[in-house]
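> Have a look at this prediction, sequence included:
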Amino acid sequence: MGPGEQASHMSAPVELPRWAELGLLPLVNLLMALLVCSVVLAGVGLAPLEVLSLLVKGAFGSAAGLSYTLYYATTFTFTGLAVAVAFHGGLFNIGGEGQAMAGGLGCSLVALSLGEHWPAALLMPAMVLAAMVGGALWAAVPAILQAWRGSHIVITTIMFNFIASALLAWLLVGPLKAPGSMMVETISFAKAARMPSLHQVLGGFGIDWPRTPLNLTIVLAIAAAIAVYLYLWRSRPGYELRTVGFSPSAAQYAGMRSRRQIVLAMLISGALAGMVGINELAGVQHRLLLDYVLGAGFTGIAVALIGRNHPLGIILASILFGALFQGGAELAFEMPGFSRDMVTTLQGLIVLFSGAMAYVAAPALAWLLAAAPLASGGLLAWPRLRALLYPDNGGRND
């Protein structure tokens, strides 16, 4: 084998079974990130095992900690799904921040205008719909510019983040500002416009649960993940969307309308991001605030990246980032030498190993799978799991 052939052989991509690529490789990347983070922690004089154990305990060691973790994960699930749907359509939507603000504005306008007149059974679905419509409309203009004018979706969506922030600030210091208040916020929502919290729901069944921000929006997040899965892998429109994203030329040859799919992908993506407003405003704050999104849109990019743009992976990645947020807060309180910047460092390492270096461990992992004693009848027979997660039967979706 000559030098050129050797280089070609070494640069050839390593193919893993889909189950390993979706489940095992992200786990290996996470362990690599934790290992590097442990070295960093040891370098600043902290005991890595103690830090990691406190982080896990803070995130999952109590009912309150678990509730906070799931509360954060709910928001990240919406933004992660938003990024994933656009990605499958061949688009990189980094406008989740602005779309979440627009969704929050939409549900807040419904709550403020109808909260005293409609019962909760009608008001809450209207708020959910308004949040989705608000996020979708904010994503529509970048989508149309991309489809008909060729404007780069990354540039337009990030600029719309700034526009949404400026618009929200103007509304909260002007037309929507609570009268007589020095705070940049609206008046409180009526009781009918407040999403029930988990401790209220469980309390109705006689179960004692700590008072936390976790609310029934988590049910909507799970429903959204199921709906995205069914749409992308169990429906014809979802198949067309993924075809346009994977190969626009093939989609055009097949008679698929690429422009329509671009707009549709962004509308769905924006609607999902807009649901952040339900979790944060209807579920927790009960008023429209200025800075309630707090980077959730950008965190959704990392969540989708780690979750391989699959709803199940996104849910797991959302729980991971929720644990980092909650566990990091507990660590900063329990350990004087630990700062929130170290949690940001850990998040950055996870993104690094799951993004730019996602396939560094793939060759070694492929070799281990091939050499495993169960490979012939066990480990490598798991592509059945791929058929369950990605049921494309010969390019058709039944």
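Good, I have the coordinates.

> Report pLDDT for the residue nearest in space to the middle of the chain.
The centroid of the chain falls nearest to Gly80 when counting by CA atoms, centre = their mean (1.9 Å). Per-residue pLDDT puts Gly80 at 97.

> which residues touch the closest residue to it other than its chain neighbours?
Spatially, and ignoring its direct neighbours in sequence, Gly80 is nearest to Val303 (3.4 Å; CB to CB, 6 or more residues apart in numbering). Placement of C-beta: from N, CA and C, glycine included. Taking CB atoms under 8 Å, 6 or more residues apart in numbering as the criterion, Val303 is in contact with 76-77, 79-80, 83, 314, 317-318, 321.

> average pLDDT across the helix or strand harbouring Val303?
Using DSSP states H and E, Val303 maps to helix 296-306. Helix 296-306 shows a mean pLDDT of 91.

> same deal with stretch 338-345?
Stretch 338-345 comes out at a mean pLDDT of 76.

> Restrict that stretch to CA atoms and write it as CSV.
Extracted in CSV, the C-alpha atoms of stretch 338-345 (Å, rounded to 0.1, in the frame of the first residue of the first chain):
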residue,chain,number,x,y,z
PHE,A,338,-16.0,25.9,43.2
SER,A,339,-17.5,28.6,40.9
ARG,A,340,-20.2,28.5,38.3
ASP,A,341,-17.5,29.2,35.7
MET,A,342,-16.3,25.6,36.3
VAL,A,343,-19.7,24.3,35.3
THR,A,344,-19.5,26.4,32.1
THR,A,345,-16.1,24.8,31.5
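
> show me where pLDDT drops low in this protein?
The chain contains residues with pLDDT under 70 at 1-14, 22, 355-356, 358, 372-398.

> residue ranges for the strands of it, please.
Using DSSP state E, no strands are found in the chain.

> follow-up on the earlier one: which of the contacts of Val303 sits closest to Ala362?
Nearest to Ala362 among those is Ala317, at 18.6 Å by CB to CB.

> So that closest one sits against Ile306, correct?
Yes - here Ala317 lies in contact with Ile306, judged by CB atoms under 8 Å, at a distance of 4.1 Å.

> and the nearest residue to Ile153 once chain neighbours are set aside, what does it touch?
The spatially closest residue to Ile153, leaving aside those adjacent along the chain, is Gln146, at 4.6 Å (CB to CB, 6+ apart). Neighbouring residues of Gln146 by CB under 8 Å, 6+ apart: 91, 152-153, 156, 262, 266.

> Select only the buried ones of those in ChimeraX?
Selection of buried members from those for ChimeraX, criterion 16 or more other CB atoms under 10 Å:
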select :91,153,156,262,266
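
> which one of the contacts of Gln146 is nearest Leu365?
Leu91 (29.7 Å).

> The closest one reaches Met266, doesn't it?
Yes - the pair Leu91 and Met266 passes the contact test of CB under 8 Å, sitting 6.4 Å apart.

> list residues touching both of the two?
In contact with both Leu91 and Met266: 146, 153, using CB under 8 Å, 6+ apart.

> hang on, the earlier thing: can you pull the buried residues of the helix holding Val303?
For helix 296-306, the neighbour count (16+ other CB under 10 Å) marks 296-306 as buried.
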